[in-house]
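Peer 1: below is the sequence, then the predicted model.
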Amino acid sequence: MINRRTALFLGSSALAAPKVAFAAAPREIMWEDLIPPGVPYSEIIGEGELDEINDLWNPIYDENGIKLNEGLDGNYIRMPGFIVPFDFSAKGVSEFILVPYQGACIHTPPPPANQLVMVNAATPWPSDQLWDPVWVTGEIHTSLQDTELGQTGYFLTADHIEIYEW
């Protein structure tokens, strides 16, 4: 039988325990999860135009390209992708866009907003690993934002980044 003093000690020690011990595992998502349920992937990109002079395809996005999966807002997630850096320092990159494929937004038109995630990392990612695919873990929020590289549909506060291993 537990006496009152032991019960108080156990109860107060549970309050003092780190939150990490009670944190839920992140929900693993993929890029198609960023599209709202009921919107087919094939409908987020319009037909587009071919710029034959510059050898570029310019996509035309309709309203489906900016529809976001509101069910993800505030979720603790883990997702793969590639880094397009914004904020460089000697320590690495702490602000970047996570994109679904290598080179998105750099030499090609950006994917639609619901396929771009603005990331703010607690710990900078090393600059010598920018071309490696990564897993990013953190809290995601729906938020349309205009950037110099394209409109993003999500914002993620990353507490962990690691190399994507397949």
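Peer 2: Yep, that arrived.
Peer 1: the residue nearest to residue 141 when sequence neighbours are not counted bridge partners, please.
Peer 2: For residue 141, ignoring the flanking residues on the chain, the nearest one in space by CB to CB, 6 or more residues apart in numbering is residue 155 at 4.9 Å. The way it works is simple: take the backbone N, C-alpha and C, and place the C-beta from them, glycine included. Note on residue 155: beta-bridge partners residue 118, residue 141, judged by DSSP bridges.
Peer 1: swap in residue 58?
Peer 2: According to DSSP bridges, the residues that bridge with residue 58 are residue 49.
Peer 1: and the gap between it and residue 51?
Peer 2: Going from residue 58 to residue 51 by CB to CB, to the nearest Å gives 6 Å.
Peer 1: and residue 78, by the same measure?
Peer 2: Using CB to CB, residue 78 is found at 37 Å from residue 51.
Peer 1: show me where pLDDT drops low in this protein?
Peer 2: Applying pLDDT under 70 to the chain flags the ranges 1-23, 46-47, 56-57, 106-108.
Peer 1: try 90
Peer 2: Screening the chain residue by residue with the criterion pLDDT under 90, one finds the ranges 1-24, 39-65, 86-90, 101-111, 127-131, 147-150, 165-166.
Peer 1: show me where it has its helices.
Peer 2: Counting by DSSP state H, the chain has helices at residues 4-16.
Peer 1: of all residues in it, which one is nearest the centre?
Peer 2: Ranked by distance to the mean C-alpha position of the chain (CA atoms, centre = their mean), the top residue is residue 117 at 4.3 Å.
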